[in-house]
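Engineer: take this sequence and fold it.
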Amino acid sequence: LAPAAVMVPVVWILYRPPVHLRPLALGVAVALLIWLPYLRFESARGFADIRSQLLVQDLTPAGYSNTRCDSTLTLRRWGGASIQPAADNPGPTTRTTRFVIWSGGRVLAATRGLVGNFEGLIPGARLALLALTIAGLIVLSLHPGRARSDPRDSATRFLYSRPWPTVAAIGLLIWAVVANDEVIDRVLGSRVRLGLFAITSIRILQGLTALGGIALLTRRFIARRLKTLASRLDSASCAPQVLAVALVVPWVVLLLVVEPGREDRLFGLWPLQVIVLAFVAVTLPPISGRTARLTGWLGAPVIAMLILINPFVVSRVEAWHQEGWSGRDAVEVQVADYLARRLQSEGRTQAVIGYRLFDDEPSAPPWRVADVRWKIGEEFDALLKYPRGISNLNRCVEGLSAQDEYRVVEVSPPSAAPAYYFDVPLPGRLRFLDRIGQYEVYERE
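Structural biologist: Residues are numbered from 1 along each chain as shown. Got it, this is the predicted structure:
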């Protein structure tokens, strides 16, 4: 939520409200007090995390790749015959390849950031909610007095007399069809590998470019509707543009700095996005016409359905229906409980435990992490350590070693996407103990 602070000076520059020194100093003092624990933590790390976010740099602790237990480790692909070495890889060496990876990652990260808060099970829900949010922001940005634009202003000339928006719309529609993941993969060749995140992001980008092309082709119709909605704003309302600024400024900042795969950093914008969507829902019915009553009845319920029918809500409702309100422990918690009970029955508080888990993308050593304590299967180690007092002596970043006393094996990938895993054979035989969900637990004889 730190980028949200940027909207304060932007709002002040736009509206120049009177500012008194005493409340301003009090607000700064309270903010520093709230952020003091985090700033103390960062000072011990040389503010590395803040610099990494502002400069969009990966954090790789010095010498981290040397903590691997097996330098000849192999990376296997599930269901495939190829075995790839997982030794230290310097990565792309040419400047062009590095630029392609960096710029492509930024575009895909921004793409996911635009729709990250609009996940839905209804086809097209993400694009529809994004379009409604953008429409609401445009309406909020229009002053009520300018709802009926002068035909001589620049916006009217853009909408009605300039030919290049139509050309741009056709170009966007062609790009949406041609620039698919298969074509991009062929263009890049073997220099860059497209993972699951890149493929899904490219497909989302195709939908966004198609939506942009359609919006440009129908710009006159859209402009008339937006002006109608803007005319409904109360001219005496307290600067509705402030709401638009409060959402747009941190949204843009986060799109510029958030790394690929971390669209969860934009969750803090969801309350403001909901307010904009609610504004669109209540102002959607036209002023007059035969469709007024029907639009009034269906507008808000349809938007609510697009929001509520999402994977999280549906999975929670199904779990409550099948397992009750309290639910049941996650499979990972059950695995940790099983191992803890077995070790505690032997009077032990530590053991060498390995994990063979799947990842949807091949690892690119050295693993880029911010915490040197990280390893594959660290979530199991945390469940064993803190609630149950069991320490895992296996600290190999690959998650498993030849000294494992116990091994937790994920039986199959969680999805149909390509999955990769490390495999380290044990010198002794493995004895099957139990299967818990998608995990099997083995003990070395």
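Engineer: for this structure, which residue occupies the most central location?
Structural biologist: Nearest residue to the geometric centre of the chain (Cα atoms, centre = their mean): residue 263, 2.0 Å.
Engineer: let me see the backbone angles for the residue lying closest to that residue once chain neighbours are set aside.
Structural biologist: Once flanking residues are discounted, residue 263 sits nearest to residue 116: 3.3 Å by Cβ to Cβ, 6 or more residues apart in numbering. For every residue, glycine as well, the C-beta is placed using N, CA and C. The phi/psi pair for residue 116 (degrees, to the nearest 10) reads phi -60, psi -30.
Engineer: and the helices in the stretch 151-300 of the chain?
Structural biologist: Along the stretch 151-300 of the chain, the stretches classed as helices by DSSP state H, counting those that start in this stretch are 154-160, 164-178, 181-188, 196-217, 219-230, 241-257, 270-283, 292-308.
Engineer: closest to residue 52 out of the ones you listed?
Structural biologist: Residue 52 lies closest to helix 241-257 among these, at 9.5 Å (Cβ to Cβ).
Engineer: OK, contacts around residue 111?
Structural biologist: Residue 111 makes contact with 201, 204-205, 208, according to Cβ atoms under 8 Å, 6 or more residues apart in numbering.
Engineer: now, which of those sits nearest residue 403?
Structural biologist: residue 201 (39.6 Å).
Engineer: how close does the closest one sit to residue 111?
Structural biologist: To residue 111, residue 201 is 5 Å away according to Cβ to Cβ, to the nearest Å.
Engineer: closest one to residue 129 among the helices of the stretch 151-300 of the chain?
Structural biologist: Closest of the helices of the stretch 151-300 of the chain to residue 129 is helix 292-308, at 5.6 Å (criterion: Cβ to Cβ).
Engineer: what helices and strands are in contact with the closest one?
Structural biologist: Judged by 3 or more Cβ pairs under 8 Å, 6 or more residues apart in numbering; DSSP states H and E, helix 292-308 is in contact with helix 125-141, helix 270-283.
Engineer: show residues contacting the following helix or strand past it.
Structural biologist: Downstream of helix 292-308, the first helix or strand assigned by DSSP states H and E is helix 311-323. Helix 311-323 is contacted from outside by 119, 121, 327, using Cβ under 8 Å, 6+ apart.
Engineer: could you check the angle helix 311-323 makes with helix 292-308?
Structural biologist: Relative orientation of helix 311-323 and helix 292-308, computed by axes from the mean of the first three to the mean of the last three Cα atoms, to 10 degrees: 70 degrees.
Engineer: can I get helix 311-323 in PDB, CA atoms only?
Structural biologist: What follows is helix 311-323, C-alpha atoms only, in PDB (Å, rounded to 0.1, in the frame of the first residue of the first chain):
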ATOM      1  CA  PRO A 311     -12.700 -19.100  -7.800                       C
ATOM      2  CA  PHE A 312     -12.200 -18.000  -4.200                       C
ATOM      3  CA  VAL A 313     -15.800 -17.400  -3.300                       C
ATOM      4  CA  VAL A 314     -17.000 -20.600  -5.100                       C
ATOM      5  CA  SER A 315     -14.400 -22.800  -3.500                       C
ATOM      6  CA  ARG A 316     -15.300 -21.400   0.000                       C
ATOM      7  CA  VAL A 317     -19.000 -21.900  -0.600                       C
ATOM      8  CA  GLU A 318     -18.400 -25.500  -1.800                       C
ATOM      9  CA  ALA A 319     -16.200 -26.200   1.200                       C
ATOM     10  CA  TRP A 320     -18.800 -24.800   3.700                       C
ATOM     11  CA  HIS A 321     -21.500 -26.900   2.000                       C
ATOM     12  CA  GLN A 322     -19.400 -30.100   2.100                       C
ATOM     13  CA  GLU A 323     -17.400 -29.800   5.300                       C
END
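Engineer: show me what counts as buried in that helix.
Structural biologist: Neighbour-count burial for helix 311-323 flags no residue at all (criterion: 16 or more other Cβ atoms under 10 Å).
Engineer: can you tell me the average pLDDT over that helix?
Structural biologist: Taken as a whole, helix 311-323 has a mean pLDDT of 85.
Engineer: mind checking how far that helix is from the chain centre?
Structural biologist: 22 Å (Cα atoms, centre = their mean, to the nearest Å).
Engineer: and for stretch 375-386?
Structural biologist: 23 Å.
Engineer: flag the shaky bits of the stretch 101-250 of the chain, pLDDT-wise.
Structural biologist: For the stretch 101-250 of the chain, the stretches flagged by pLDDT under 70 are 143-162, 190-192, 232-239.
Engineer: what of the stretch 301-445 of the chain?
Structural biologist: In the stretch 301-445 of the chain (pLDDT under 70), the answer is 361-373, 417-418, 426-428.
Engineer: one more time with 90
Structural biologist: In the predicted model, the stretch 301-445 of the chain carries pLDDT under 90 at residues 301-308, 310-330, 356-378, 386-388, 394-404, 411-431, 437, 444-445.
Engineer: where do the strands sit along it?
Structural biologist: Secondary structure of the stretch 301-445 of the chain (DSSP state E, counting those that start in this stretch): strands located at 350-351, 353-356, 391-392, 406-410, 420-422, 430-436, 439-444.
Engineer: okay if I get those as CSV plus mean neighbour count and distance to residue 377?
Structural biologist: Formatted as CSV, the strands of the stretch 301-445 of the chain follow (neighbours: other Cβ atoms under 10 Å; distance: least, Cβ to Cβ, whole Å):
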stretch, mean neighbour count, distance to residue 377
strand 350-351, 16, 13
strand 353-356, 26, 3
strand 391-392, 18, 8
strand 406-410, 21, 7
strand 420-422, 21, 11
strand 430-436, 13, 15
strand 439-444, 19, 11
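Engineer: nearest to residue 184, of those?
Structural biologist: strand 420-422 (21.0 Å).
Engineer: give me the contacts around the closest one.
Structural biologist: By Cβ under 8 Å, 6+ apart, strand 420-422 touches 73-78, 86, 356-363, 376, 398-400, 410.
Engineer: repeat for stretch 272-288
Structural biologist: Contacting residues not belonging to stretch 272-288 are listed as 117, 129, 132-133, 135-137, 139-140, 228-229, 231-232, 243-244, 246-247, 292-293, 295-296, 299-300, 303-304, 307 [Cβ under 8 Å, 6+ apart].
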